[in-house]
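*Asks:* Structure, please.
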Amino acid sequence: MGASPERRVLMGMILGAHGVKGVIRVLSYAEVPEDIVAYGPLLDERGERRFRLKLVGRARGALLAEAEGVGDRDAAARLRGTKLYVPRAALPPAKLGEYYWGDLVGLAAELPDGTALGEVVAVHDYGAGTSLEVRRPDGGVVMVPFTDRVVPVVEIEKGKLTIVPVPGLLENRPVETEEVNED
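*Replies:* Numbering: from 1, shown residues only. Okay, here's the model as predicted:
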């Protein structure tokens with residue numbers, strides 16, 4: 001799997017307007033939040049609109065920014081929910097042992113013996129650690145802790161990673177339903 005030139009990485013999202021002069025609130029996914037502006041203009045999800053941001057402060061856990069062409073509260077409010085991307089090629093190479101989440105999506109997931117487990121379709125972090133969402137060939141999904149123990153080998157250039165399942169990770173469990181008595 002090679003990185004295509006048009007591949008983009010999600011860097012943040014516009015949360016809404018701040019004040020009346022067109023300032024926007026931005027949630028940054030960059031390790032250092034202010035780095036969201038370090039890699040050039042940001043693009044919307046379709047790549048059709050460019051956003052040149054000038055950071056002007058912080059409020060309620062978000063960055064405050066002026067966006068070129070956004071001059072009032074109504075224009076800023078219309079941008080709410082806009083996801084902000086940069087071309088993958090604009091980012092520096094990941095450090096050894098670190099990965100851009102976007103580079104993990106699409107990798108083939110294999111067991112240590114080479115058996116296909118599925119494909120990484122998403123990366124999540126709900127606060128208890130990063131996990132990989134792997135779609136199985138049968139259409140099912142398994143959530144895999146993204147730790148060195150469970151995912152000891154990541155080979156971006158070969159398009160695959162190795163998963164060493166912990167007990168119970170790949171076992172099918174019956175869905176428990178609660179009977180409802182409608183008397």
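*Asks:* same question for the longest helix belonging to the chain, mean pLDDT?
*Replies:* Secondary structure of the chain per DSSP state H: the longest helix is helix 73-78. The predicted model assigns helix 73-78 a mean pLDDT of 96.
*Asks:* before we move on, what about stretch 103-119?
*Replies:* For stretch 103-119, mean pLDDT rounds to 95.
*Asks:* What are the buried residues along that stretch?
*Replies:* Asp103, Leu104, Leu107, Ala108, Ala109, Glu110, Leu117, Gly118, Glu119 (16 or more other CB atoms under 10 Å). Where you see a C-beta, it was placed from the backbone N, CA and C, and this is true even at glycine.
*Asks:* and if you look at stretch 139-150?
*Replies:* Buried, per 16+ other CB under 10 Å, within stretch 139-150: Val142, Val144, Phe146, Val150.
*Asks:* Find the pair from those with maximum spatial separation.
*Replies:* Pairwise distances across the buried residues of stretch 139-150 peak at 12.6 Å for Val142 and Phe146 (criterion: CB to CB).
*Asks:* Toward the C-terminus from the lowest-mean-pLDDT helix or strand in the chain, list the very next helix or strand.
*Replies:* Counting by mean pLDDT, DSSP states H and E, the weakest-scoring helix or strand in the chain turns out to be helix 101-104, with a mean of 89. Once the chain leaves helix 101-104, the next helix or strand it forms, by DSSP states H and E, is strand 108-110.
*Asks:* elements contacting that following strand?
*Replies:* Applying 3 or more CB pairs under 8 Å, 6 or more residues apart in numbering; DSSP states H and E, we find strand 108-110 packed against strand 116-125, strand 160-162.
*Asks:* where does this protein dip in pLDDT?
*Replies:* The model of the chain has pLDDT under 70 over residues 1-6, 172-183.
*Asks:* Could you list the domains of it?
*Replies:* Listed domain ranges for the chain are 8-90, 101-162 (source: automatic domain parsing).
*Asks:* how long is the longest one end to end?
*Replies:* Right, domain 8-90. 9 Å (CA to CA, to the nearest Å).
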